[in-house]
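Student: Structural data only, the sequence is not supplied:
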Ligand SMILES: Cc1cc2nc3c(=O)[nH]c(=O)nc-3n(C[C@H](O)[C@H](O)[C@H](O)COP(=O)(O)O)c2cc1C
């Protein structure tokens, strides 16, 4: 997830209980080809995060080819192509969800990514259609290119995130892929590990991708942890560790507001959390956060 799953946060998730596979934020192929030194931090990972897949977005097949080669060079375990992002600035480039409307280009991008990827698996993350559900047509188009996996967010581009994910359609994708080697991974509204397992079973899927669920519970992937048992002190300590990672990775390179988006992940679930969060949201840097936490309210 953009501005979320960088090394700073993945390290926290790995500590709490890691998923089977990590994914990076989506990264611009054009940007990387233009100047890859600008993406060193986004492309940074540690061995302990493996297996880790890098996700790229763009619309130029030749740039996907070059980025795939770079992914091999950097030691990633797989490459994912974003064909689902509804962001205007992404779609304006003909990338993300715009590729759902451009089958030929989408296929060419997969082909070139695979060519650059050598033995690395190449997957596509996408939606069920653009303005309307067209699972059969769109998924069949993608399957022709024999991707290692399709990760299907169970909504159309038009639906954004405003309706519940259509898991029955994700199941249809699995049906379409049944005589192929392509794995089908479902995505959309998964709330906890039990929910993930149940959906994989109910819809006969090869895997589940989790996005926003991690915001509600950084211990999402750890079945031994009951989030209700986690003490406020533990959450605060984890947040401070995240801030520390954030500063190590970005130093002054990213606005501190990006980090503030995570406060709710850590500062919630106890009486007084909201008040503390409100105070923390006024901060402009890590120093101010630590000043507030050194003058704790009654609950800390
Ligand atoms: C803050 C944020 C950033 C996201 N960034 C990406 C991204 O970089 N690449 C991507 O494929 N999807 C991205 N998504 C979409 C999610 O991966 C996912 O498809 C969507 O949120 C639905 O799944 P969920 O209900 O598990 O969150 C993002 C979502 C959010 C909320």
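Tutor: Looks like it arrived, so ask away. Since the model is a prediction, treat every value here as computed from it, not as a measurement. Residues are numbered from 1 along each chain as shown.
Student: Buried ones in the helix or strand encompassing residue 279, by neighbour count?
Tutor: Following DSSP states H and E, one finds residue 279 within helix 273-280. For helix 273-280, the buried set under the neighbour-count rule, 16 or more other Cβ atoms under 10 Å, comprises 273, 276, 279, 280. To be clear about C-beta, it is placed using only N, CA and C from the backbone, and glycine gets the same treatment.
Student: Among those residues, which one sits closest to the ligand?
Tutor: Of all the buried residues of helix 273-280, the one with the least separation from the ligand (Cβ to the nearest ligand atom) is residue 280, at 19.3 Å.
Student: Give the burial count for the residue nearest to residue 87 when sequence neighbours are not counted, as a bare number.
Tutor: Leaving aside its chain neighbours, residue 87 sits nearest to residue 96 (6.4 Å; criterion: Cβ to Cβ, 6 or more residues apart in numbering). Using other Cβ atoms under 10 Å, residue 96 is surrounded by 27 other residues.
Student: Helices of the protein, start to end?
Tutor: 7-17, 29-34, 61-74, 88-91, 103-117, 135-143, 167-176, 193-202, 213-216, 232-250, 256-260, 263-266, 273-280, 286-294 (DSSP state H).
Student: tell me the average confidence for the first one?
Tutor: Along helix 7-17, the predicted confidence averages to a pLDDT of 97.
Student: can you check the fifth one too?
Tutor: Taken as a whole, helix 103-117 has an average pLDDT of 98.
Student: Which strands or helices does that helix pack on?
Tutor: If you count contacts as 3 or more Cβ pairs under 8 Å, 6 or more residues apart in numbering; DSSP states H and E, helix 103-117 packs onto helix 61-74, strand 78-83, strand 122-126, helix 135-143.
Student: ok so, going back, between the buried residues of helix 273-280, which is closest to residue 104?
Tutor: Closest approach to residue 104 among the buried residues of helix 273-280 (Cβ to Cβ): residue 280, at 49.1 Å.
Student: re the thing from before, can you say which of the helices and strands packed on helix 103-117 is nearest to residue 183?
Tutor: Closest approach to residue 183 among these (Cβ to Cβ): strand 122-126, 7.9 Å.
Student: Near the ligand, which residues of the stretch 101-250 of the chain? Just list them.
Tutor: 125, 153, 187, 188, 189, 190, 210, 211, 212, 213 (Cβ under 6 Å from any ligand atom).
Student: shaky segments in this protein?
Tutor: Along the chain, segments meeting pLDDT under 70 span 295-300.
Student: now the residue in it that the ligand sits nearest to, nearest residue through space, not along the chain?
Tutor: With Cβ to the nearest ligand atom, the shortest gap between the chain and the ligand falls at residue 211, namely 2.6 Å. Among residues not flanking residue 211 along the chain, residue 1 sits closest, at 5.8 Å (Cβ to Cβ, 6+ apart).
Student: do you know how far the one you found is from residue 137?
Tutor: Using Cβ to Cβ, to the nearest Å, residue 1 is found at 28 Å from residue 137.
Student: what's near enough to touch residue 108?
Tutor: residue 61 (Cβ atoms under 8 Å, 6 or more residues apart in numbering).
Student: again, but for residue 127
Tutor: Residue 127 is in contact with 83, 84, 97, 100, 152, 153, 154, 155, 156, 157, counting by Cβ under 8 Å, 6+ apart.
Student: Residue 192 now?
Tutor: Residues in contact with residue 192 (Cβ under 8 Å, 6+ apart) are 213, 217, 220.
Student: Of those - the most surrounded one?
Tutor: residue 220 (23 neighbours).
Student: Restricted to buried residues, select the residues of the stretch 101-250 of the chain next to the ligand in ChimeraX.
Tutor: In ChimeraX, this line selects whichever of these come out buried by 16+ other Cβ under 10 Å:
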select :125,153,187,188,189,190,210,211,213
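Student: The helices and strands packed on helix 103-117: which one's closest to residue 178?
Tutor: Nearest of the helices and strands packed on helix 103-117 to residue 178, taken as Cβ to Cβ: helix 135-143 at 10.4 Å.
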